[in-house]
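> how would this look folded up:
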Amino acid sequence: MLACLRFSTHVPRNGSVLCPRRKLAAGLAVALFLLAVGPCRSRAGTEPEDQTGKPLKQLTLEELGKVEVTTVSKEPEEVWRTPAAIYVLTQEDIRRSGATTLPDLLRLVPGVEVAQIDSDKWAVGIRGFGSRLSRSVLVLIDGRSVYTPLFAGVYWEVQDTLIEDIDRIEVIRGPGGTIWGSNAVNGVINIITKSAHDTHGTLAAVGGGNVEQGFTDTRYGWGDDERSYRVYFKAFTRGPQFHSSGPGFDDWRRQQTGFRSDWKLDGGDTLTIQGDAYDTVAGQQLGVSFYSPPALITEEANGHFGGGNLLGRWRHVLDARSDLQLQVYWDHTDRHDLNYHEIRDTYDVDLIYHLNLSRHNFIFGAGMRQSPSHFIQTVPTVDFEPHFQTYSIYSGFLQDEIAIVPNRFSLTVGTKLEGNSFSGFDAQPSARLLWTPSPHQTVWAAVTRAVRTPSRIEEGFQFTALDIPSLPLYLRLIGDGHFSPEQLLGYELGYRSTFSRSLYLDVATFYNQYDDLLSVENRPPFVETTPAPPHLVLPLFLRNGIKAETSGVEIAPVWEPTQRWRLRGSYSFLYLDARRKPGSDDASTVAQLEGGSPHHEVTVQSFLQLPKKFEFDLTYRYVARLWQQNVPAYSTADARLAWQISKDFEWSVVGQNLLQPQHIEFTGDPGGPVGIRRSVYGKITFRR
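Predicted coordinates:
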């Protein structure tokens, strides 16, 4: 039944993305920002650097292990010394992938399952449980959560930023609830953009092709060593994918603008202020049920999605051993689908205190989030009660890294204590061991508890679909508040090693136990007389009737045969066993869970530096079948050829899904699966 909530789309080819009011608001926001910061001296852009001071594309494999990440503990730490299954997509990985969307970039991460549904929708999961809304994965952009508590998940079609401005993407496979709280069950994806200090100068890119019909990216950055700023604008139009039944409905258009400022203050303090505004028009195809007369009508029309955000982050250095970080953000979304309309504002405050005492490395944190929403009913068969509701979260966490044997063996223990307005109080503890037998080897193990808290879909939700017109009989999905948090107890073991200057290996294994997973429970039908005419209703209640276990392994080697050629690969194996708990009569969820994620995934990437400033990059992917969805296994490949014409200009051509005219990755609803087309686009980039 949840599949009936999938959103598909149709965009008028002459449609404009930003309405005049939003164009004016976006323009005023940028103008006010420019007036506020005032004129500053600009300087030519320099190549982004990591903490070692070298351009990332020149880092050796050993140096890549020293890249600092922040997602595991909210404090910088080297990949080598991270007791978690973390994978980092660097700036160079991102640039040379040729990907134009965030989900396509995530295909390169082992253990992450990405399946494209149609032109603007994806199913993304980590270690199983892939779905349209990625409900068990917490997604962050610069530390700002983009998880919606309406349907419990992430709308990938409205998550974007300038690809060239992404510094790195850090992905934790496995639970991260101790640091990030509820909904970081199967993993955390943190998209981190570059500091404004690293984006001085001008960037402009234009391109297009058969699916990527046209796009433009522009950014200008200026400032000095103390204060730096940037503004950007991007827009694109994407054509529909392959539809066997006729013309496609899923055209997609989007515009986004934003800014970032980074200040280095006295005493080593830093201050970041950034914001974005976007507007999207995406075609939808959706089955909508009506009572009078009883009918199920497939509608095609536009979905309109707009929003904006503003974030501030201040880091204060107290002394050589301690620092304090405060982050505050506001996020606004206005989502108008074919069968509902929601306006939501989210206000979030997080405070982190870090203290390093001899053999103890403490991190304390506290946070508060308020998320008021207004639901506007647009069709009689989809409703939330009450229409006005505020979702609240209050949390605190404590973590201590104990150096049992300095620089050799450490134990990290901690817990997140969190209360929310839907399910009350919960604790998410973890314990992690890290052993470094040599400077080039790391062994780690972890035990973690995480939860997914109820969302509005489990609290006051009714979705009604006509099943048998002749009776008439309606199926009604009901979230009535009798839903408890989904629970995970996860066990992990990992190993990292640099065997030589040219070979690196990262291996992670896991075993997860899930309890109280979402189920759909049948209850006896009843006759409903209002609204007329009288009709029969079969109620389906959202409950906690499913248990599951998952196990698997992820292997990610990197090999450099020569200085000009790097090979990166990954293999992921997943086994998922789900079952009903005693008393449950759920008829479909077990099969959906077991058959919704591939057992095997293989990715091989080749990055080749050719003479005369040419680059040639290849990516091969194999994904096993999704038997429950009748989606066959597929293999496909992407290719990128780039030429640095001059100091300022780069030309590139990218081919995606090249091995067949189209292939299916996930089922669509309604109308059956959509074929993901072979595509080619060209791009010219100017940097100065």
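
> Give me the below-cutoff pLDDT ranges for the protein.
Confidence mapping of the chain against pLDDT under 70 gives the ranges 1-60, 62-65, 669-671.

> Ile457 looks like it's in a helix, true?
Yes: applying DSSP: H, G, I helix; E, B strand; the rest coil, one finds Ile457 inside a helix.

> so how far is Ala587 from the closest residue to Leu338 other than its chain neighbours?
Spatially, and ignoring its direct neighbours in sequence, Leu338 is nearest to Leu286 (4.6 Å; Cβ to Cβ, 6 or more residues apart in numbering). The way it works is simple: take the backbone N, C-alpha and C, and place the C-beta from them, glycine included. Look at Leu286 and Ala587: by Cβ to Cβ, to the nearest Å, they are 24 Å apart.

> Which one's more surrounded, the two?
More crowded of Leu286 and Ala587, by other Cβ atoms under 10 Å: Leu286, with 24 against 13.

> At which residues are the helices of the chain located?
Ranges of helices in the chain, per DSSP state H, are 20-37, 61-64, 91-97, 102-106, 177-180, 589-595.

> circling back to that earlier point, my guess is the residue nearest to Leu338 contacts Glu299. True?
Yes: with contacts counted by Cβ atoms under 8 Å, Leu286 reaches Glu299, the gap being 5.7 Å.

> Residues that sit against both of the two, list them.
Taking Cβ atoms under 8 Å, 6 or more residues apart in numbering as the criterion, Leu286 and Glu299 both touch Leu338.

> For the longest strand belonging to the chain, name the packing helices and strands.
As assigned by DSSP state E, the longest strand anywhere in the chain is strand 535-562. Strand 535-562 is packed against helix 61-64, strand 459-468, strand 473-480, strand 503-522, strand 526-528, strand 565-580, helix 589-595, with contacts defined by 3 or more Cβ pairs under 8 Å, 6 or more residues apart in numbering; DSSP states H and E.

> Identify the residues contacting Gln399.
So Gln399 contacts Ser73, Thr178, Ile179, Phe362, Ile363, Thr412, Val413, Gly414 (Cβ under 8 Å, 6+ apart).

> CSV for the residues you listed, including neighbour count?
Compiled in CSV, the contacts of Gln399 are given as follows (neighbours: other Cβ atoms under 10 Å):
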residue, neighbour count
Ser73, 22
Thr178, 27
Ile179, 23
Phe362, 16
Ile363, 20
Thr412, 23
Val413, 15
Gly414, 22
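
> of these, closest to Asp198?
Ser73 (23.3 Å; Cβ to Cβ).

> Hmm, Ile179 and that closest one touching each other?
Yes: using Cβ under 8 Å, Ser73 makes contact with Ile179 at a distance of 6.3 Å.

> From the contacts of Gln399, which land in strands?
Counting by DSSP E, the contacts of Gln399 contribute Phe362, Ile363, Thr412, Val413, Gly414 to strands.

> any chance of these in a markdown table, plus distance to Arg107?
A markdown table is the format used below for the ones in strands among the contacts of Gln399 (distance: Cβ to Cβ, whole Å):
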| residue | distance to Arg107 |
| --- | --- |
| Phe362 | 37 |
| Ile363 | 32 |
| Thr412 | 30 |
| Val413 | 34 |
| Gly414 | 32 |
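
> with these in mind, which one is nearest to Thr218?
Closest to Thr218, out of all of the ones in strands among the contacts of Gln399 and judged by Cβ to Cβ, is Ile363, at 38.7 Å.

> Quick check: the gap between the nearest residue to that closest one once chain neighbours are set aside and Gly596.
With sequence-adjacent residues excluded and distances taken as Cβ to Cβ, 6+ apart, Ile363 is closest to Gln399, at 4.7 Å. Noted for Gln399: a distance of 33 Å to Gly596, by Cβ to Cβ.

> Count the neighbours of Leu574 for me.
23.

> partner residues bridging it?
Gly552 (DSSP bridges).

> mind checking how far it is from Gly111?
On the measure of Cβ to Cβ, Leu574 and Gly111 end up 8 Å apart.

> who touches both of those two?
Arg127, Gly552.

> Is Leu626 in contact with Gly596, as I believe?
Yes: assessed by Cβ under 8 Å, Leu626 is found in contact with Gly596 at 6.3 Å.

> Report the contact partners of Arg496.
Counted by Cβ under 8 Å, 6+ apart, Arg496 has contacts Gly65, Val79, Trp80, Gln441, Thr442, Tyr504, Leu505, Asp506, Val507.

> The last one contacts Gly494, doesn't it?
So that's Val507. Yes: counting by Cβ under 8 Å, Val507 touches Gly494, with 6.4 Å between them.

> Pick out whichever of these two has more residues nearby.
Between Val507 and Gly494, counted using other Cβ under 10 Å, the more crowded position is Gly494 (23 against 17).

> Skip the chain neighbours and tell me the closest residue to that one.
Ala508 (4.2 Å).

> Val553 now?
Per Cβ to Cβ, 6+ apart, closest to Val553 is Thr509, 4.8 Å.

> Next one: the one you found relative to Thr442, how far apart?
Distance from Thr509 to Thr442, by Cβ to Cβ: 14 Å.

> Also Val602?
For Val602, the distance to Thr442 - Cβ to Cβ - is 24 Å.

> Compare those two (neighbour count), which wins?
More crowded of Val602 and Thr442, by other Cβ under 10 Å: Thr442, with 23 against 16.

> The more buried one touches Arg81, doesn't it?
Yes: look at Thr442 against Arg81 with Cβ under 8 Å: they come within range, at 7.3 Å.

> Run through the residues that contact Ser679.
Contacts of Ser679 by Cβ under 8 Å, 6+ apart are Gly209, Asn210, Val211, Glu212, Gly655, Gln656, Asn657.

> ok, the closest residue to it other than its chain neighbours - how many residues close by?
Nearest non-adjacent residue to Ser679, counting by Cβ to Cβ, 6+ apart: Val211, 3.8 Å away. Residues within reach of Val211, counting by other Cβ under 10 Å, total 21.

> Pop out the phi and psi values for Val211.
Main-chain dihedrals, Val211, degrees, to the nearest 10: phi -100, psi -50.

> Tell me where the stretch 151-300 of the chain has strands.
166-173, 187-193, 201-209, 212-223, 227-238, 252-264, 270-290, 295-319 (DSSP state E, counting those that start in this stretch).

> that older thread, filter the contacts of Arg496 to the buried ones?
Taking 16 or more other Cβ atoms under 10 Å as the criterion, what is buried in the contacts of Arg496 is Gly65, Val79, Trp80, Thr442, Tyr504, Asp506, Val507.

> hmm, back to that, could you dump the contacts of Arg496 into a markdown table with distance to Leu434 added?
Below are the contacts of Arg496 laid out as a markdown table (distance: Cβ to Cβ, whole Å):
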| residue | distance to Leu434 |
| --- | --- |
| Gly65 | 14 |
| Val79 | 12 |
| Trp80 | 9 |
| Gln441 | 11 |
| Thr442 | 7 |
| Tyr504 | 18 |
| Leu505 | 17 |
| Asp506 | 14 |
| Val507 | 15 |
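
> ok, the residue nearest the centre of the chain to Arg456 distance?
Centroid check for the chain by Cα atoms, centre = their mean gives Val139 as the closest residue, at 4.2 Å. The gap separating Val139 from Arg456 is 18 Å, by Cβ to Cβ.

> Over to Asn544?
Taking Cβ to Cβ as the measure, Asn544 and Arg456 are separated by 17 Å.

> Over to Gly306?
20 Å.

> Look at the residue nearest to Asp585 when sequence neighbours are not counted and say how many residues are nearby.
Using Cβ to Cβ, 6+ apart and skipping residues adjacent in sequence, the residue nearest Asp585 is Asn522, 5.3 Å away. Residues near Asn522, counting by other Cβ under 10 Å, number 14.
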